[in-house]
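J.: Show me the folded form of this:
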Amino acid sequence: MPYFDTASAAPLHPVARQALQASLDEGWADPARLYREGRRARLLLDAAREAAAEAVGCRPDELVFTPSGTHAVHSGIAGAVAGRRRIGRHVVVSAVEHSSVLHAAEAHEAAGGTTARVEVDRTGAVSAAGYASALTPSTALACLQSANHEVGTVQPVAEVAEVCAAAGVPLLVDAAQSLGWGPVEGGWSLLAASAHKWGGPAGVGLLAVRKGVRFSPQGPADERESGRSPGFVNLPAIVAAAASLRAVRAEAEAEAVRLRVLVDRIRRRVARLVPDVEVVGDPVRRLPHLVTFSCLYVDGEALLHELDRAGYSVSSGSSCTSSTLTPSHVLRAMGVLSEGNVRVSLPRGTTAEEVNGFLDVLPGLVAGVRAALGADGPEPQAPAAGPSEADALEIDALGLRCPQPVIELARAIGAVPVGGTVTVLSDDEVARLDIPAWCSMRGHTYLGESPRPTGTAYTVRREL
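T.: Below you'll find the predicted structure:
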């Protein structure tokens, strides 16, 4: 049963399992105490900190362990902003940051601060110029992920760090997705990550704060972890996290080459085998193990269930799920198709046979989901064009959910002449993203939207 969702949580690395079991016997005492058991625990904690710091590329006294990656992000943002409160309360983030960063930004705004969001291109990448234009004299902090968690695009951290340094603004990097593959290059100021992303145990994060960065820890005061993460540390889990990080980094170069070949195979063959599919994310500057694609006329939840029944565990940023009525903020910011979205992230050790098996079953499963929605074939069947065509047609898609509004549009476009328009009236929030994406894929022109009392009208001009 192949597990292809390591971007959410990587399977526990064998080295992590061994280190966890060994440290349960040796690392139970309080590392702050001076007796024998405490000294033994302290040695384990110091060794884990040194190993993690070496992997991050910082000094051991610059790194603390936290209860999670989310905790590290929130603590890092809050502490950096508080440390620079005399400068101002302005924060800059990218539009595709992990939700933990965006939630921290929302909390900052609720407390009276301001936030600027830097937009991305269709590959999901920011530009250094975008950050330069967002920085102001009152900017306390800038945040940028090292690589995107949904589409795998690697961000230009070094270039953005240079822009921030020139403006005297510290840069916090969320390195959760990339740290297992290598250190983050560039002059970053703060860095956060989470062990369960690289094969360590859940419940361990890390936060690095470079010397010279003004930082004021927020929350309850505590003498542990330099006052930056209160509470008794989970030492066995920390030891396992550091051991597994060292292990995966030793394997990273060879495994990255191997997995990149498999991901390239998925990117090429999905586009060839599945009609009306959009492979998203940067094709070159990307993580080696991750690929994301979206399928027209497909219910994302139904496709994930079918893949699960076929034995493949994958994830999705699709809006067509029971958990959300809006598309992934990453796909929305990129302006790409969100319906029928599938994210495949391969764990270390994935074989070519497993990838080939996935590619063998995928086209039939997509076709089955489309057939269930009445969208059989590469394009839903449209009425034949004729002399009685109207120049403009309006479709009532109120109450229909993704991907039905787009399916209705595809059926109707043939009922108007070239140059004619089809207007889709929809109350599905996702239509705002997927109708323009459909136009881009099918060669028609999206003319825009207008509010109606019961929903929104999206107008398309037929070009072919």
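J.: Check the secondary structure at Ser294 for me.
T.: strand (DSSP: H, G, I helix; E, B strand; the rest coil).
J.: so how many other residues sit close to the closest residue in space to it that isn't next to it in sequence?
T.: Residue nearest to Ser294 in three dimensions, not counting chain neighbours: Leu337, with 4.1 Å by CB to CB, 6 or more residues apart in numbering. For glycine as for every other residue, the C-beta is placed from the backbone atoms N, C-alpha and C. Leu337 has 28 neighbours, counted by other CB atoms under 10 Å.
J.: What ranges does the stretch 1-150 of the chain have for its helices?
T.: 14-26, 36-56, 69-83, 99-110, 128-134 (DSSP state H, counting those that start in this stretch).
J.: Would you tell me which one of the ones you listed is buried the most?
T.: helix 69-83 (a mean of 24; mean count of other CB atoms under 10 Å).
J.: elements contacting that one?
T.: helix 99-110, strand 139-145, strand 171-174, strand 190-194, strand 205-209 (3 or more CB pairs under 8 Å, 6 or more residues apart in numbering; DSSP states H and E).
J.: What is the shortest one packed up against?
T.: Put plainly, it is strand 171-174. helix 69-83, strand 139-145, helix 157-166, strand 190-194.
J.: How far off centre is the longest one?
T.: What that stands for is helix 69-83. 19 Å (CA atoms, centre = their mean, to the nearest Å).
J.: Please apply the same query to the second one.
T.: In terms of CA atoms, centre = their mean, the centre of strand 139-145 is found 17 Å from the chain centre.
J.: Just give the strands next to that strand in its sheet, each with its orientation.
T.: strand 90-94 (parallel), strand 171-174 (parallel) (DSSP bridges).
J.: With adjacent residues omitted, what lies nearest to the most centrally placed residue in the chain?
T.: Note on the chain: the residue nearest the mean C-alpha position is His149, at 2.4 Å, using CA atoms, centre = their mean. Leaving aside its sequence neighbours, His149 sits nearest to Gln177 (CB to CB, 6+ apart; 5.1 Å).
J.: Repeat that for Gly182.
T.: According to CB to CB, 6+ apart, the nearest residue to Gly182 is Ala252 (6.1 Å).
J.: Who are the packing partners of the helix or strand harbouring that neighbour?
T.: Using DSSP states H and E, Ala252 falls within helix 235-273. Under the contact definition 3+ CB pairs under 8 Å, 6+ apart, helix 235-273 sits against helix 14-26, helix 36-56, strand 277-280, strand 290-295, helix 352-372.
J.: Mean pLDDT and distance to Pro156 for those - can I get that in CSV?
T.: Converted to CSV, the helices and strands packed on helix 235-273 look like this (pLDDT from 0 to 100; distance: least, CB to CB, whole Å):
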stretch, mean pLDDT, distance to Pro156
helix 14-26, 94, 31
helix 36-56, 95, 19
strand 277-280, 94, 18
strand 290-295, 96, 18
helix 352-372, 97, 29
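J.: Export those as JSON lines, with columns for distance to Val93.
T.: JSON lines is the format used below for the helices and strands packed on helix 235-273 (distance: least, CB to CB, whole Å):
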{"stretch": "helix 14-26", "distance to Val93": "31"}
{"stretch": "helix 36-56", "distance to Val93": "21"}
{"stretch": "strand 277-280", "distance to Val93": "21"}
{"stretch": "strand 290-295", "distance to Val93": "21"}
{"stretch": "helix 352-372", "distance to Val93": "34"}
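J.: Can you name the residues that contact Arg285?
T.: The neighbourhood of Arg285, defined by CB atoms under 8 Å, 6 or more residues apart in numbering, consists of Thr123, Ala125, Thr153, Val154.
J.: Give me the next element, helix or strand, following the helix or strand of the chain with the lowest mean pLDDT.
T.: Taking mean pLDDT, DSSP states H and E as the measure, the chain has helix 431-442 as its least confident helix or strand, at a mean of 90. Remark: after helix 431-442, the chain's next helix or strand is strand 445-452, criterion DSSP H and E.
J.: Tell me which residues of that next one come out buried.
T.: Residues Glu449 are the ones in strand 445-452 that count as buried (16 or more other CB atoms under 10 Å).
J.: Now do it against helix 431-442, angle only.
T.: 160 degrees (axes from the mean of the first three to the mean of the last three CA atoms, to 10 degrees).
J.: So which elements touch strand 445-452?
T.: Against strand 445-452 (3+ CB pairs under 8 Å, 6+ apart) you get helix 431-442, strand 455-461.
J.: quick one: it to chain centroid distance?
T.: 29 Å.
J.: Can you list the strands that it pairs with?
T.: Here, using DSSP bridges, strand 445-452 pairs with strand 455-461 (antiparallel).
J.: Pull up the distance across stretch 412-419, start to finish.
T.: In stretch 412-419, first residue to last residue: 14 Å (CA to CA, to the nearest Å).
J.: So what's the residue count around Gly443?
T.: 9.
J.: same question but for Arg117, I mixed them up
T.: There are 18 residues near Arg117, going by other CB under 10 Å.
J.: residues touching it, list them.
T.: Arg117 touches Val92, Val93, Ser94, Ala95, counting by CB under 8 Å, 6+ apart.
J.: what do you get for Gly69?
T.: By CB under 8 Å, 6+ apart, the neighbours of Gly69 are Ser100, Asp174, Ala176, Ala192, Ala193, Ser194, Ala195, His196, Lys197, Gly205.
J.: Now it: closest residue in space, sequence neighbours ignored.
T.: Per CB to CB, 6+ apart, closest to Gly69 is Ser194, 2.6 Å.
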